[in-house]
Structure formats: C-alpha cells, structure tokens
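Enquirer: Fold the following for me, if possible:
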Amino acid sequence: QVQLQESGPGLAKPSQTLSLTCTVSGGSITTSSYRWGWIRQPPGKGLEWMGVIAYDGSTSYSPSLKSRTSISRDTSKNQFSLQLSSVTPEDTAVYYCARDGGARNFDSWGQGTQVTVPS
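Expert: Numbering: from 1, shown residues only. Okay, here's the model as predicted:
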C-alpha cells in the first residue's frame, strides 16, 4: 500500500519561494502510468489542483499557477517536490501530495501540511 508524507516549513514570508517535499513509500514514483501531484485547500475553500509530475518526469501545471509553480523529483529518494514562488497570503492553505491513477483520480493522499503566509 503506497503512503505519502509531506514535509516542509509551515511558514513562508511574502514574496519568498515555498518548498515542500513528498516522500513516497510502498511504491515507486517511476512506476508506469502513475502521476504524482500537489493539491491545496485554502481556508474555507475547496480543493485546488496545482500540478503533477508523471512517472517519466514530465510535468503539467494549473494554468492559473503555472508561472509560479515547479514540480521536480528525486528518484533516488523516491520523493517529489513543489516550489511555489512569490507567495502571498492568498497562498495560505493545507497542501497535499497525492497519487494520480489517471484523469485526476487521486487514489492515495498524504495527510496534508499547513502552510501560512502572513500578511
């Protein structure tokens, strides 16, 4: 059974770059057909898909966040990471990493990590 765990600082200063890492166990991020993604949920709002990195390293991003988002991976550590630049208080959210089995069918999730950008 695959498990995902987010890690990273819980506080980011405005204009800085937020960096989070997702460590995957029980399965390889290079397994064919799977993609690995980041989703966030701002307080009082719904889930927002941010982007994914596929088993072959290709990436896809939300158009609204594309200019500020980068997803990368370290296959030796079975990890993938999110970088979100120029953060503002509107980027305050719980950030989740998850496995996408296809068509944004996220079947395994991390527990989520709270990130706050103070005003």
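Enquirer: what comes into contact with stretch 100-114?
Expert: Defining contact as Cβ atoms under 8 Å, 6 or more residues apart in numbering, one finds that stretch 100-114 is touched by 1-8, 10, 20, 22, 33-37, 39, 41, 49, 52, 93-99. Where you see a C-beta, it was placed from the backbone N, CA and C, and this is true even at glycine.
Enquirer: Swap in 6 Å and give it another go.
Expert: Contact with stretch 100-114 is made by 2, 4-6, 10, 35, 37, 52, 94-99, as judged by Cβ atoms under 6 Å, 6 or more residues apart in numbering.
Enquirer: And that stretch, what's buried?
Expert: 100, 106, 108, 110, 112, 113 (16 or more other Cβ atoms under 10 Å).
Enquirer: and which of those residues is nearest to residue 62?
Expert: When the buried residues of stretch 100-114 are compared for distance to residue 62 (Cβ to Cβ), residue 100 wins out at 13.4 Å.
Enquirer: Read off the pLDDT value for the closest one.
Expert: pLDDT, residue 100: 94.
Enquirer: neighbours of the closest residue to it other than its chain neighbours, just the number please.
Expert: Nearest residue to residue 100 in three dimensions, chain neighbours excluded: residue 35, at 4.1 Å (Cβ to Cβ, 6 or more residues apart in numbering). Look at residue 35: counted by other Cβ atoms under 10 Å, it has 24 neighbours.
Enquirer: Need the max-distance pair from the contacts of stretch 100-114.
Expert: 10 and 35 (26.1 Å).
Enquirer: And the strands in the protein?
Expert: 3-7, 18-25, 35-41, 48-54, 59-61, 69-74, 79-84, 93-100, 106-109, 113-115 (DSSP state E).
Enquirer: spatially speaking, which residue is in the middle of this protein?
Expert: Central residue of the chain (Cα atoms, centre = their mean): residue 38, 2.6 Å from the mean position.
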